[in-house]
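In: Below are the sequence and a predicted model for it; my questions follow.
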Amino acid sequence: MKPILIALTITGLTACSGIRVTTNAGPYLESRVLAHDVEEYSREELERHQYRFLGTVDTEACQEERTDSAPSEKGLKNVLRSEVAKLGGNAISYNGCESKRDYYGCRIWLRCEALGYEVQD
């Protein structure tokens, strides 16, 4: 009886040793953390600070199927904020978003654009 119990215990402990868990939470969490460090400014607010222009950033999303989630402006703006952070920026000024229906295979297509800055004071 004792050898069977030992064999079952060893089998139970080693049965999951080959299992590997992967997730896409890493890139998502990284972009959320980066986006958190970028503050939104209006053009008028920027003029009251010392800043350096880093460049234009843009992103787009497409809802291909009815069952896919529709792209959101909030989600795309978070992507833009993380892109500005990757450029070394801490400030963003949104140019706006454009949405189209039935556009190149997309039921709903959304594109947003912004300007990235490093505010120095």
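Out: That came in fine, so what should we check first? Residues are numbered from 1 along each chain as shown.

In: contacts, neighbours, all on C-alpha from now
Out: OK.

In: Could I get the contacting residues of Cys62?
Out: Contact criterion C-alpha atoms under 8 Å, 6 or more residues apart in numbering gives 70-71, 106-110 as the residues in contact with Cys62.

In: With Lys77 instead?
Out: Cys112.

In: in the protein, which spans are strands?
Out: 39-40, 51-63, 91-103, 106-119 (DSSP state E).

In: Note down every partner strand of the second one and its orientation.
Out: Strand 51-63 sits in its sheet next to strand 106-119 (antiparallel), going by DSSP bridges.

In: and the partner strand, C-alpha only, in PDB?
Out: Taking C-alpha atoms only, strand 106-119 is exported to PDB below (Å, rounded to 0.1, in the frame of the first residue of the first chain):
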ATOM      1  CA  CYS A 106     -13.900  47.200 -41.300                       C
ATOM      2  CA  ARG A 107     -17.400  47.500 -40.000                       C
ATOM      3  CA  ILE A 108     -16.200  50.300 -37.900                       C
ATOM      4  CA  TRP A 109     -12.700  51.900 -38.400                       C
ATOM      5  CA  LEU A 110     -11.300  54.400 -35.900                       C
ATOM      6  CA  ARG A 111      -8.000  56.400 -36.100                       C
ATOM      7  CA  CYS A 112      -6.600  58.800 -33.600                       C
ATOM      8  CA  GLU A 113      -3.700  61.200 -33.800                       C
ATOM      9  CA  ALA A 114      -1.700  63.200 -31.200                       C
ATOM     10  CA  LEU A 115       1.400  65.200 -30.700                       C
ATOM     11  CA  GLY A 116       4.000  64.100 -28.100                       C
ATOM     12  CA  TYR A 117       6.100  66.400 -26.000                       C
ATOM     13  CA  GLU A 118       8.600  66.400 -23.200                       C
ATOM     14  CA  VAL A 119       7.600  69.100 -20.700                       C
END
